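Novice: Got a sequence here, can you model it:
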Amino acid sequence: MSNMNRFTLVLSMLAAGLASTPLRAADLAAGKEKAELCSGCHGENGISQTENVPSLAAQPDLFVQWQLIFFRSGTRKNEQMQPIVEQLSNEDVRNLGAYFASLPPAGKKPDDNPDLSQKGAQAAVGRRCASCHTDTYAGTKAVARVAGQREEYLLKALHDYKSGVRAGGGMAAMADVAYPLSEEEITALAHYLAHL
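Specialist: This next block holds a predicted model:
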């Protein structure tokens, strides 16, 4: 099954599940309690201290929800995430999305290589990254916050998109953007975004 067909199937399943669930406002306290399961890898208050594990603090609500749904459905695979997300209800997903979105982002890191950041900024403009991730790269709706994300995680994510290991939402826009990136551009982009 192609990534697009899987994405469509997941959307259909989510819509059917949510249609049968009365919508209620997300419960931040319940999200915080459920997030205790996440803190071992994603860090206290959603700020990861673990290599290749993303920070979740200040990620857009819908982005977190969609990623959890992708993991839960098996569309996105990760050995550590699978057993956790299998236990999550739709209400848990809503609460976790709202909770992580409510947290402040990680503080800005000092830039130890401004020349590399400049190259990354040029690559971001050339690839029109801001057209989805916003001018501040804070993300919006179902699009990830990439500003201040862990650098090695950004490298991994860009490589995964480029190789097709990971598919994104939005008609696989990330795969289309990442595929033509050179190794130098990937390195520069990851460095630039991590230091915003």
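Novice: Now do the domain split for the chain, please.
Specialist: What automatic domain parsing lists as the domains of the chain is 3-102, 114-194.
Novice: nearest residue to residue 68 other than its sequence neighbours?
Specialist: residue 93 (4.8 Å; Cβ to Cβ, 6 or more residues apart in numbering). Yep, even glycine has a C-beta here, placed from its N, CA and C like the rest.
Novice: actually residue 95, sorry about that
Specialist: Computed as Cβ to Cβ, 6+ apart, the closest residue to residue 95 that is not its neighbour in sequence is residue 31, at 3.5 Å.
Novice: Can you report phi and psi for the residue positioned nearest the centre of the chain?
Specialist: In the chain, the centroid-proximal residue (Cα atoms, centre = their mean) is residue 144; its distance is 4.6 Å. With angles defined as degrees, to the nearest 10, residue 144 sits at phi -60, psi 150.
Novice: Please apply the same query to residue 143.
Specialist: Main-chain dihedrals, residue 143, degrees, to the nearest 10: phi -110, psi 130.
Novice: Spatially nearest residue to it, not counting backbone neighbours?
Specialist: Nearest to residue 143 is residue 132, by Cβ to Cβ, 6+ apart, at 5.0 Å.
Novice: Now do the SS call for that neighbour.
Specialist: Classification of residue 132 by DSSP: H, G, I helix; E, B strand; the rest coil places it in helix.
Novice: For it, give its distance to residue 60.
Specialist: 11 Å (Cβ to Cβ, to the nearest Å).
Novice: What helix or strand is residue 153 located in?
Specialist: Assigned by DSSP states H and E, residue 153 belongs to helix 151-163.
Novice: any idea of the mean pLDDT for that helix?
Specialist: The predicted model assigns helix 151-163 a mean pLDDT of 95.
Novice: Buried by neighbour count: which residues of it qualify?
Specialist: Buried residues in helix 151-163, counted by 16 or more other Cβ atoms under 10 Å: 151, 153, 154, 155, 156, 157, 158, 159, 160, 161, 162.
Novice: ok, now stretch 92-104?
Specialist: 92, 93, 94, 95, 96, 97, 98, 99, 100, 101, 103.
Novice: do the same with stretch 103-121
Specialist: 103, 105, 106, 116, 117, 119, 120, 121.
Novice: The residue lying closest to the fourth one once chain neighbours are set aside: what's it in contact with?
Specialist: Counting by Cβ to Cβ, 6+ apart, residue 191 is the residue found nearest to residue 116 once chain neighbours are left out, at 4.7 Å. For residue 191, the contacting residues are 113, 116, 117, 120, 151, by Cβ atoms under 8 Å, 6 or more residues apart in numbering.
Novice: how does it look with 10 Å?
Specialist: By Cβ atoms under 10 Å, 6 or more residues apart in numbering, the contact list for residue 191 reads 111-120, 151, 154-155.
Novice: Quick one: list the elements packing against whichever strand or helix holds the residue nearest to residue 68.
Specialist: In the assignment (DSSP H and E), residue 93 maps to helix 90-102. With contacts taken as 3 or more Cβ pairs under 10 Å, 6 or more residues apart in numbering; DSSP states H and E, helix 90-102 sits against helix 3-19, helix 28-34, helix 36-42, helix 61-73, helix 82-85.
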